[in-house]
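Asker: here are the coordinates; sequence isn't available:
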């Protein structure tokens, strides 16, 4: 099984400006993309689990804490292992990959933060695959 992976990029600057890139990001599996804007730091968008769908996350404005948890049983998930998380921000050219079989959640760390999400499923298939869990399971979002 694949595991969540942070794809690191870089920047190049010359007299024409700055180019930001994540060259390891293979767009071939992508079927759709969308953005999520959190107007303030109180909003928690968690937990969405997928048995078939994988997602990639790229912060394009502000910063987010993004968390993920391996789901052993989508009907009755175990609290173990605990979730992992990292901070994505608009100054680092990075993309977080979260494969199928995981639940994910996120919270903005700055007002009006924006995150770009890529999916390997069309919307209809994604909606059929989405399994929601209570946002307060597994993780203390208030620590951020």
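Answerer: Great, that's in hand. All figures in this text were calculated on a predicted structure; none of them were measured in a lab.
Asker: Would you mark the buried spots in the lowest-mean-pLDDT helix or strand in the chain?
Answerer: For the chain, counting by mean pLDDT, DSSP states H and E, helix 123-129 ranks last in confidence among helices and strands (a mean of 87). The neighbour-count check on helix 123-129 (16 or more other C-beta atoms under 10 Å) flags 125-126 as buried. For glycine as for every other residue, the C-beta is placed from the backbone atoms N, C-alpha and C.
Asker: how far out from the middle of the chain is that helix?
Answerer: Relative to its chain's centre, helix 123-129 lies at 17 Å (C-alpha atoms, centre = their mean, to the nearest Å).
Asker: Can you list the strands that the helix or strand following that helix pairs with?
Answerer: Using DSSP states H and E, the helix or strand that follows helix 123-129 in sequence is strand 130-132. Strand pairing for strand 130-132, using DSSP bridges, gives strand 44-50 (antiparallel).
Asker: Would you map the strands across this structure?
Answerer: With DSSP state E as the criterion, the chain has strands at 5-8, 10-14, 17-21, 32-38, 44-50, 55-61, 63-70, 84-89, 94-98, 102-108, 113-119, 130-132.
Asker: Show me what the third one is packed against.
Answerer: Taking 3 or more C-beta pairs under 8 Å, 6 or more residues apart in numbering; DSSP states H and E as contact, the helices and strands that strand 17-21 lies on are strand 10-14.
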